[in-house]
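>>> Have a look at this fold, sequence not included:
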């Protein structure tokens, strides 16, 4: 006589293992930024004392960052006279650091005060900020809940100190606070093709921010 199938909450699977219902773990909502990236960058720059124009967030070297910079007006005037505006071509900018061409290359027209990486998690912010910390000031801007974890204390802070990164937090009301200041005794790289190109991008963004500034055509 055939056995009548029965409904059970467990059934035998390959290898004799049992499959049973499992209770789903509670999913926590993701941490969100309390304000826009540009607003948080402006507040962080003011807190850090970075006196310059906080440029709109942009993607450089595959990282989303906010540059704080000033226009070198004397160099800008010289470049207008030369007919050389911001140059986005990385291959061309690379040649400016060659010994045989360095003397004739246009001077950097932007003074980069610092670079900010605004993100919901410290790992994302650190990955964005570190490439720029090799050349000057850099900081991470994080929502305050992101720093109230053992992971942040154990893994983030030692790395941030090693790279010389500052950490600014923003509470739910977007009020900025300094959690870790930078240190100025680290060794910085000299100007190279990467930093020279980043300077050109900052120059371009500065001119876009100042609609009244004349933008010369690039030299052929």
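Thanks, I have the structure now. Note that this is a predicted model, so its numbers are computed, not measured.

>>> Longest helix in the chain, please.
Counting by DSSP state H, the longest helix found in the chain is helix 193-209.

>>> Show me what that one is packed up against.
When contacts are defined as 3 or more Cβ pairs under 8 Å, 6 or more residues apart in numbering; DSSP states H and E, helix 193-209 packs onto strand 58-60, strand 63-71, helix 90-95, strand 110-118. Glycine gets a C-beta too; all of them are placed from N, C-alpha and C.

>>> measure stretch 155-167 end to end?
Stretch 155-167 has its terminal residues 14 Å apart, counting by Cα to Cα, to the nearest Å.

>>> Point out where this structure drops to low pLDDT.
For the chain, the stretches with pLDDT under 70 are 1-29, 184, 211-220.

>>> again, only using 80
1-30, 183-186, 210-220 (pLDDT under 80).

>>> which residue sits closest to residue 181, ignoring its sequence neighbours?
Excluding the flanking residues, the one nearest residue 181 by Cβ to Cβ, 6 or more residues apart in numbering is residue 166, at 5.6 Å.

>>> and that neighbour, what does it touch?
Residue 166 sits next to 48, 137, 138, 139, 140, 160, 178, 180, 181, 182 when contact means Cβ atoms under 8 Å, 6 or more residues apart in numbering.

>>> mind listing the strands for this protein?
In the chain, the strands defined using DSSP state E lie at 11-12, 18-19, 53-54, 58-60, 63-71, 110-118, 138-143, 166-170, 176-180.

>>> Parallel or antiparallel, list what pairs with the third one.
Pointing back at strand 53-54 there. strand 63-71 (antiparallel) (DSSP bridges).

>>> any idea how far the partner strand is from the chain center?
9 Å (Cα atoms, centre = their mean, to the nearest Å).

>>> list the buried ones in it?
Residues 63, 65, 66, 67, 68, 69, 71 are the ones in strand 63-71 that count as buried (16 or more other Cβ atoms under 10 Å).

>>> what bridges to the fourth one?
With beta bridges defined as DSSP bridges, residue 67 has these partners: residue 115.

>>> contacting residues for it?
Residues near residue 67 by Cβ under 8 Å, 6+ apart: 55, 58, 60, 112, 114, 115, 116, 198, 201, 202, 205.
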